[in-house]
Structures are given as C-alpha cells and as structure tokens.
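**Student:** Take this sequence and fold it.
(chains A and B)
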Number of protein chains: 2
Amino acid sequence: MKIFFEKSDFDEVKKCRTMKLEEKLSVIADMIRLNALNTIICAKSGHIGASFSAVEILTVLYHSEMKIDPSNPKNAERDVFILSKGHAAAALYSTLASCGFFPTERLATFRRLNGLEGHAEISAPGVETNTGSLGMGISKAKGFALSAKLDGVKKSVYVLVGDGELQEGQNWEAVLSASHWKLDNLYLLIDRNYVQTDMPVERVVDISPIREKLKSFGWHVEVTNGHDIGKILRVLKKIRKIRGKPKAIILNTIKGKGVSFMEHPVALKSGKGFYKWHDKLPFGEEYRKAWEEIATRIKKKLARHKVPIAFPVFRPDLAEKPPKTGESLVEAFSQILVDVGGKKKELIVLDADLAESCGLREFQITFPERFVEVGIAEQDMVSIAGGLALAGKLPIVNTYAAFLTSRANEQIFNNCSEGSKIIYVGHLAGILPAKPGKSHQGIRDIALLRNIPNLLLSAPSCKEELRRIFEFLVFDYDGPSYLRLEHNIPRLQIPWKEQKLELGKGIKLADGKDAVMIGYGPTMLSEALIARQMLEKDGIKIKIIDLPWLNRIDEEWLLRETEDFETVICLENHSTKGGISEELNRILGRRIYTIGIEGYGKSGENGEILAYFGLDAESIKQKVKKWLGK
Amino acid sequence: MKIFFEKSDFDEVKKCRTMKLEEKLSVIADMIRLNALNTIICAKSGHIGASFSAVEILTVLYHSEMKIDPSNPKNAERDVFILSKGHAAAALYSTLASCGFFPTERLATFRRLNGLEGHAEISAPGVETNTGSLGMGISKAKGFALSAKLDGVKKSVYVLVGDGELQEGQNWEAVLSASHWKLDNLYLLIDRNYVQTDMPVERVVDISPIREKLKSFGWHVEVTNGHDIGKILRVLKKIRKIRGKPKAIILNTIKGKGVSFMEHPVALKSGKGFYKWHDKLPFGEEYRKAWEEIATRIKKKLARHKVPIAFPVFRPDLAEKPPKTGESLVEAFSQILVDVGGKKKELIVLDADLAESCGLREFQITFPERFVEVGIAEQDMVSIAGGLALAGKLPIVNTYAAFLTSRANEQIFNNCSEGSKIIYVGHLAGILPAKPGKSHQGIRDIALLRNIPNLLLSAPSCKEELRRIFEFLVFDYDGPSYLRLEHNIPRLQIPWKEQKLELGKGIKLADGKDAVMIGYGPTMLSEALIARQMLEKDGIKIKIIDLPWLNRIDEEWLLRETEDFETVICLENHSTKGGISEELNRILGRRIYTIGIEGYGKSGENGEILAYFGLDAESIKQKVKKWLGK
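**Tutor:** Numbers count the residues shown, from 1 in each chain, chains lettered A, B, ... in the order given. Just a heads-up that it's a prediction; the model follows:
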C-alpha cells in the first residue's frame, strides 16, 4: 500500500498547466509535509515541529531555485544546500525523495539500521554533509562557498539554521569571517520558528534582534514570511544581485506549521507554555487528524486542477503507541535531583535546552532560582559552572554525553584544572537509544574524559545505584566528577538492592566459575545477565560484576575478583578504544576480551543495533563460548 | 639586587600627598609595566605586547576601583577580576604583587617549575580562575556574577578580553545569555589593541564594529581610551549606575604601550606589517632601551614629587639571548608544506591565528590564495575544512594540539564521520615547550582522537620522517589523519636516514637485548637514546623503536619485535591515560611499562619539567634499572 507520494506524483503537479508556480510549490510543500509526517510515523521517532516549519523553504530551493542534478548528486556545477538544523532530517529526506535523489519508499527506512540516518547524513544521496549536533552548518557551508570562489565556479551555497541554534557560539565565529571574506555566494536561511525544543526561544535565551546582530557582523539581511512561497521567491531573487557580502534571510515561520494543533501558538497554549511536538509523535486519533488536515488541503488543490495522482493511503496502524517497557534512569534522576537539591542549598542545575529530556523539569519547577537555562551553548554552560563552583556553588551540568564531552571538552578540562567540585552529567550515554544516530550517541565520552587527571567517572546501572552514587558525589566526594547516565530502558532491571557502594570497587551481580565479566550501566549489564542465563543452559557459569567506577579502580580488589579466572571479559557501552577495558588491561597486565563498539554509531531500533554491534545477549553468548573454546 | 618594585614602593606612591589620584595611578601603571617587563625577561618567555596594553586598566581596577583583600584573597565580599586573555599573565601577576597578594620576588619565578604558571592560574593568590586558552573568561565571570545575584551579594565582576579573542565563538554564547539574564554586575572590558598575535585584527578577521555587535546582543557599551586613567575612571563611574544590563567598555589601547619601538603603529611599520613583540623578547640593547624608557618616565615623576623609592637595578645579564640549539620539526614542516603544496593543487592550509608559530608563513607567502586565515576560531576552522574537503579540496588544518583536539573535537569527529580526507596538524604537541603551561601543553591529544574510528594518528620524530609521513598522508593515504607535531628541539637528533616508512610498522633506532622501548616523537626518543648510552655503561642494552603510527599498528610486526623481550617499555610524551601504551597493551595482552605524564602539565624549563615528570634520560635510566631488577 502506497504511503508516500512518489516522485512521479510531484512531477504530475509540476506538469500541471493550470497552476501557477507559487501554487504548485505550495501543493508540493504540503505533499512533502505529508511524506515527512509519515517518515517520522514509520520511524516512530523524529522531529515534526522543526520539519514542518522548514518545508516551504526546502520546497522553494529544491523545486525552483537550486541547480540540482538528482541523477548525479555530486555534479560539480550544482548548488549546495546544508541543513544545519539536522533534526529536520525528515523534511530534507522527503524533499530529496520528491526530486528523485532516491525512491520515496526509502523514507520508510528512516532511523532504521542501514536506512536513512536519524539526523541528516551523506549516506542519503543529495545530502551534502552530516549534521545533528547543532552549530556546524554555516562553517561547513563556508567551506563549499570558499572552494567555489577559489575555483571560480558560480555556485550558491544555502544553509538553513534554527533560531535557537544561533545560541551556539560556532555560528558567530562562522558569520564573522564569512563577511570578512565577502562570501556573497553564501545564503544563510534562518528558520525563525520562535520555539526551541519545547519552549519559546525568548524564554530560553532570547536571540532577538537577529537582524541587527547579523548586520553588525557585516551581513546583508532580509526578513520575510517563511511559509509564503511568493515572498520567499521574491526575496531570493532580490538578494541574488547583492555582491560583496554574505546574505541572510530571516524566515518567520511557525513550528509545526500545517497541522493546526501542532502550530506553536496553539500548541504552546494547550501545552501551558511547553511545546509538545518537538520530538513527540501523534498517536492514534492525533495522527489521523494531522494526516487528514494536510491531505485535505492537497486533495482540494489537486482536484481543482484535476492533477491525476493516486493518493497515499492512510495507515492508522503505523501510529500505534508503543507500550512503555520500564523506568529509565533519567526518571529516577529527576527525582533524586529534587531530593538532593532540597538538602544541598549550594546545588545549582544547569541545562543546555534539554530540560525535559534530561529529567530536569521537576527541579526547575521546584527550585526555579537554582535552575540555570543557558540555551544551546554547551561551552558557555560548562564555563559558567566553573565560575559558579569557584564562587562556592555546586553546579550540576547537564546535556547529552556526546555534546558535553566533545563540544565542551576543553572547558571541562579547564574547570578540572582548578580542582572545582562540579558534577557533569552525561545524558543519553551509550549507543542506545540508537534512532538519533551517531551525532547523539555518547560512545566516546569515557575516552574523552578519562585523561583528565582529577575527574572521577561513574556509571550507575540502576535507580538505587544512581541514587547512591549521586549522593556520594554530592555529599562525600571532594572533586569534579562525571556521571554517565544511560537513558535506555534495559531489557532486564539490574538486581541491585542492599549493596554497599565503595569507591573503586564493583558489585557482584551473579556468581560463576568459567569466566568473569565486568561491565557498567544498565544496557550491557542487562544483556550480560540474559546471556548468562542462556549460557547456564549450556553448563557455562559466568560471574558478572557491575563496576560503576570507570577510572578509579581499586587494583587489589580487581586482582582478587579476577584471579580465579583465565577469561576476563569487559563489556563496554562505548567505543572499544579509550574505554574502561584499557583501564582493566593496564591494571591486570594480561589479555582481556572486550565486547564494545567498533566503528561509528548508527541509527536503528535498539534490538537491531545491539545485534549489529555484537552487544546483545545472543552475541555475548556466542563470543563467550568461542573464547572459552566451547 | 632588587629588580622589581616592591609593595612598599607602590605604597609610597599612594601615600604621596602632592600627586592627584590620576597621576599616582599613572606612575603605578608604569611601575607595574616595568615589573611585567622584568617578569618576562627573567622567564625568557611571555607576552609583552598584550601585557603592556592592559596595564592601565589593571592599575585602575586593583589600585582604585575594586574591593580587594590581598591578605584574604577569597574574601566573600570582594570584587572579582578575570583575565580572559590569560597570556597577559605577566601584567596581572605584577599588578597582584603590587597590591601585596604575594611578594614581588615571586615574579622572578614566572614560567618556572612551581613558580607562577605561564598563563594566569589560581595557584597565584588573587588570580580567580585559570585561563590560557581563549574565550572562556566571560562565561566564567558570569558564573561569579550569577552566584552573587543568587546570594544577594553586591559584587562587581570584571572580565578583560582581547579584541582578537572575540573571534572565539564561546564569547558570543556568553554575551547572549548575559544580557538575557540582565547581569548588571558584570563588566566586560575589551583590550582593543587592534593587533592579535603578530597581525592587525582587521587583516586577520575584522571584529569591528564591536560596539554595534555588543549592542545588538543587548549590552550597554562605552568606548574610551584605555591608557587614559582619568577617562577610565570616569566611564567606570558612569556605567556603575546603569541597571538591568551587562556593561562593556571598549578600551582603545596600543599593543606594546609604553615602549616606543614596541607600540604597534611603530612596530608594525618596522616589522613590515607584522608585530614582533607578541611573544618575542627584547635582548641586549633592546632590553636596555625598553627598560630605560619606562624607568625614565617613572623616575621623573617620582623625583618631581620626591617619592622616596629605592629604584630597581638594571640587570643587562638577564637579557642575554639564549643560543639556538637545533632545528625544530616546525621549521622543516614549513618547507615541506611549500614543497608538497607546489605539487598538490588541491592542498589548502588553514590557520587559527598562529601562522608564524605553526610554520605556515612561508606557505602563506608562496600560495596566498590557498591560505585561509580564520582567526581564533578553531571550531569554525575545522568545519570549514570539512566543507572544503567535501568540495574536493585537501585541507591542512593547523593549530596547537591542545586547542585543536579539545576545542574542536566534535567538529573533527563530524568531519571524520563523512570520511573526508583532511590532515589535522596538532602543533606544539607534548609537554615541551613547558613555559606556557597546561592550557598549551598537548598531552591529551592522542586520547581525544584515538577513538575516532577512521582517523589515522601519526607522530614524526625527525625532519626526514616528517617529510615521508606528510607525503604519505597527502599522496598515498585515503582518509582523515592527524599529524602530531612536537615543536621542541630535542637534545639529540633522531638518527633516521634511509629507513623505509611502512604504515603500521615502526623503525628500529638502536638494538639491544635486555628490554625494548617503543616511543614516538623527537623529545622522548631523544631522551631514550641518551638513556640507552647511560645504561650501556652499566652493561644494559636497550632496543629502541620509533613508532610513528599511534593507532594503526601492525600487530604481527609488534609481536615479532617484542617477542624476545620480557620487558616492554612505552614512552609517551602524553598522559599515561589514553595514549599508545594502552594500544600496545591491548595488542600484546601482557604487562607493559609506561613512561609518560601523570597529572596536569606545568610551566617550567624543558630540563626541569622532563625531570619533574620522570621523562628525562636519567629518570628513564633509573626506571629501566628498577624494572630489570638491576
């Protein structure tokens, strides 16, 4: 059953002789919008709000303005488009498919293993660069623009950024030298939808006036309605003639545009100030309403002009709400933060626009004066924490592990060099959830931090251990620390009860005689425990140790726990390079086997990704049997 | 012999009844200037130009405006000053000493082991935060300012940034939320000296108009003459009353102010567009001239008002030019870059305001159209390189290893995830030269990059190996790579001649039977070779292998080279965590001994730092004997 408009459908619209260009583009935009909705629904994951606000500009660029060559995406003569706000990937992929860069059916593979990656990536024909972590797009676009200038090639380079994204400092590095270099082949398009993640930009960290800012950085700036195709066409035509300056268009848009209840003015009202449709999905009836609203608009116009298109079929089964499978550590973290915050008055929580996702909302509501929202500005956040700590506060720094430990690495190092007590919480650590893809997968964080001399790294495997570790870090430990927080709900809860938490020592979760397995965090320990059950049926008994301390290991304890075993296995929800297996290796001075992630992360369902990287219970079982020669 | 003005001397000036405040401060400023000059001369290292431009503002703050308590530097009531442009450390230290935070004699320990660190650090009483890598100061100041607001404490927080420093993106993250939060206890002071490193800011990447930029970011902005004490006093008085906004003062200053031939208008002319006194020192006659110029001004004023001060003694012996001890890899790199650049037309060199130091000037002059100066904007530079590579160019990305691999880590990861061929050159890698201190010491770079799956890491030990590796990376290798370039001139040139360079394999530099030592780079291999000579006298023969490939090691080769040895030793000019010893450990699956850096880097002379970290030949000898039980 056809669920996406196909390239031929778009061609039919373009061929229509009774529609004017603007009307055609407006129908195409809605067709792309419907495809984007279904892309996200099929994936059961993605960003509707930010995709919908960008549909018209994408349509204008790809179906009218840009020199493109879908049959030869790397054609040297082409114009270039970069989606800096890579989370609007569903809109970009749908646009590319509408042009024929790849078949529309491929949209159904969004966020699946070996399908379309969860944020825009070059593995999809037509995508020019990998994005997903914000703030890099303008710089990358400058690389293309500079290259064209050097080669004397006429080429327009367009880059679409979010308005909230402009909080990221790299953008301002980028716009500064763009004007210094007079890059007049560079077009900065700002999707000014006024809402970042789930709150209005002006409530997070106001970015207005954008126009004056860019002007003071030497840019030519225009402002227009980002959903009015005629206006977009006219402003593009106008600025194309301007020479000697890079050019920006502030596109005033609506987050969730095209579905009444998802449009931000309405949605913010119904959400009591919070915007629901950033990364939440419409299930059941909501999906039907959204689908029908867009479909009706398209049908009406197609009918009026008698465009012969076989309309996609509405598939309510795609939008069944997945059952909740358990409690994630982040929910527990949310509560612990409030509890501990109540006892420790110096505790201040810092957030970089991921409050909901990082479980900080409860603290924000309970202790608003001790909640600091810095916007999408990880480096600033970390260094602010540095200042707060020097002034006697206890900052708890939150964002995704992937961003925190790489984007703000030098700032963390600098703070640690002062010895300040700060707790860095690396959220969404590990390979799961995998749907967002490599930009969001925190599988390098241990390697990036383990070399900072006085930074203690820890990784809880369950709610109770999280509480104990966090309380230890807050009340008993005097120095900077990192809390590695996996958000993934494991297949099995880690059986951790009245254990004693001792710095440097791990906790035995299961006994065994044939091999000892050492791991951390809920995902891998859960898979290990399941693998252990499977192996037991084959007469193999594996001892499993939860080691929540990643770089401060009691060497005597470790030697004692492993001395009876010829086979020591380390489980890493992390790259095999730079993780704790190397720490164990050094201490033990003998071969240890590592089950961890080789290569780059990938988008996919949890199960398929664990299997792909050989991290699931079945793979663990196979490897153990091989290593034991059984 | 007294070479610095002492606190009592400054007190005498303050006590003088015939001088007005402005005149007193102006004498004090010159006294601080002379102390700063001598601080740098004693260290034979430091930043005169940037220190001299900041002297008047520091004098006004510390000797007139700020609530300070030198006997209790952490007094909760104090005002806070942060030197974001941490390379002006000599000026700050001299100012703090003039107030009595520590004895002026300590200025003679600048950049020496356990003395005053090479960039401003909190180990010196009165320094509020560690700086050295640019762009973090405003964020840190915000931490102090926020904390004061939370506690309801009246406190002014001042932060001094350089004008070139404003190219760094974190500043714009910082100024954005500062105004969103209405931090009116925050004072941003911009040392607008118009010259960054050795070139005018407007030629690097123009930052003007700073006033309009800050205004568009919601700040109150004033502009004044940064050497006119009266004007500075008046503008501070004026803006103190302004509420609800953070406040900035653009201080128009002169780099090298106070010594006629160092002042940038004159110096730029005599340097044919390049400013010499950023980090170069005046030796011999030049030192005498500089000293006398400042001293004469002070003496005249002191005499006029009969202030009884025992004037410091001029010590020409301090300014003897140190002999050049050999050729550094960076000089060779400079030539190789031009040679290879001539053959490879796609090659583009990117620089982040360190062209001279990174040996890029020759390329810049030879191929100006293929030289891209991005200013102090490492993240932008790396992502521009990403765009250039996607557009078919071969970017060579240059800056200090410490900045490149930590500040732009996520951007490097992002580029690598696209598979693009880019050569990242990590300059000033390793612990030496140590004088600049931990912010500049590249001893975490391997750990920060080794986990990027397809990034090849290499480290040449001599000129010839550098050439072979660079040619290999440019002409024969298809993928991203990192070239780890030590700038230190080793005590002994590595005897590398007609060797064959093979990816994954090392080169035997010396034979032996008692132990095998594996290392990389000139510094440690040179120390190892010297240690070997010493050990030979004791009848111990050590095999030494130069392994220029840090993360792509031919396992068979390694096993073969080490199988005859019970004792395998790895030399790391890097942290012991995350370096190649862990790579060797994993491959060999047995205990290996590591000689590397434990803890944070430190300022100091080369010899004393190598000895301090146990990396010098003598320490290597001792350790080897211990490990061999001899």
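**Student:** contacts and neighbour counts: CA atoms only from here.
**Tutor:** OK.
**Student:** Chain neighbours aside, what residue packs nearest to A:V374?
**Tutor:** Using CA to CA, 6 or more residues apart in numbering or on different chains and skipping the chain neighbours, the partner closest in space to A:V374 is A:A352 (5.3 Å).
**Student:** To clarify, my last question referred to A:V204.
**Tutor:** Leaving aside its sequence neighbours, A:V204 sits nearest to A:G375 (CA to CA, 6+ apart; 5.8 Å).
**Student:** pretty sure that neighbour contacts A:D206?
**Tutor:** No: using CA atoms under 8 Å, A:G375 is not in contact with A:D206, being 9.0 Å away.
**Student:** And for A:K247, the neighbour number?
**Tutor:** For A:K247, the neighbour count with other CA atoms under 10 Å in any protein chain shown is 28.
**Student:** what phi and what psi does the backbone show at it?
**Tutor:** Main-chain torsions, A:K247, degrees, to the nearest 10: phi -120, psi 140.
**Student:** Which strand residues bridge it?
**Tutor:** A:K247 forms beta bridges with A:Y187, A:H220, as assigned by DSSP bridges.
**Student:** quick check: domain ranges of chain A?
**Tutor:** Domain assignment of chain A by automatic domain parsing yields the ranges A:7-319, A:329-484, A:507-627.
**Student:** where does the stretch 401-550 of chain A have low pLDDT?
**Tutor:** For the stretch 401-550 of chain A, no stretch has pLDDT under 70.
**Student:** who in it is up against chain B?
**Tutor:** Applying CA under 8 Å from any CA of the partner chain, we find that the stretch 401-550 of chain A lies next to chain B at A:403, A:406-411, A:414-415, A:417-418, A:439, A:444, A:447-448, A:450-454.
**Student:** go with 6 Å
**Tutor:** Applying CA under 6 Å from any CA of the partner chain, we find that the stretch 401-550 of chain A lies next to chain B at A:S406, A:R407, A:N409, A:E410, A:L448, A:N451, A:P453.
**Student:** where exactly do the strands run in the stretch 1-150 of chain A?
**Tutor:** A:80-83 (DSSP state E, counting those that start in this stretch).
**Student:** residues making contact with stretch A:336-354?
**Tutor:** A:363, A:370-376, A:393-398 (CA atoms under 6 Å, 6 or more residues apart in numbering or on different chains).
**Student:** That one: end-to-end distance?
**Tutor:** From its first residue to its last, stretch A:336-354 covers 18 Å (CA to CA, to the nearest Å).
**Student:** again with stretch A:420-435
**Tutor:** Chord length of stretch A:420-435, first to last residue, is 36 Å (CA to CA).
**Student:** what does it rub up against?
**Tutor:** For stretch A:420-435, contacts defined as CA under 6 Å, 6+ apart pick out A:111, A:118, A:389, A:394-401, A:441-443, A:479-488, A:573-574, A:603-604.
**Student:** Tell me which of those fall in strands.
**Tutor:** Counted as lying in strands by DSSP state E, out of those, are A:394-400, A:481-484, A:573-574.
**Student:** What is the nearest of those to A:K625?
**Tutor:** For these, the residue nearest A:K625 by CA to CA is A:N573; the value is 20.6 Å.
**Student:** where's the closest one relative to B:F470, distance?
**Tutor:** Distance, A:N573 to B:F470, using CA to CA: 35 Å.
**Student:** Same question for A:L547.
**Tutor:** Applying CA to CA to A:L547 and B:F470 gives a distance of 42 Å.
**Student:** Equivalent analysis for A:E582, please.
**Tutor:** For A:E582 relative to B:F470 (CA to CA), the value is 30 Å.
**Student:** same check, this time on A:E331
**Tutor:** Counting by CA to CA, the separation of A:E331 from B:F470 is 50 Å.
**Student:** These two - which one has more neighbours?
**Tutor:** Taking other CA under 10 Å, A:E331 and B:F470 do not tie; B:F470 has more neighbours (23 against 16).
**Student:** Ignoring the adjacent residues along the chain, who's closest to the residue nearest the centre of chain A?
**Tutor:** Chain A has A:H440 as the residue nearest its centroid, 4.1 Å off, counting by CA atoms, centre = their mean. Ranked by CA to CA, 6+ apart and with sequence neighbours excluded, the top spatial neighbour of A:H440 is A:A402, at 5.7 Å.
**Student:** How about the contacts made by A:H227?
**Tutor:** By CA under 6 Å, 6+ apart, A:H227 lies in contact with A:E56.
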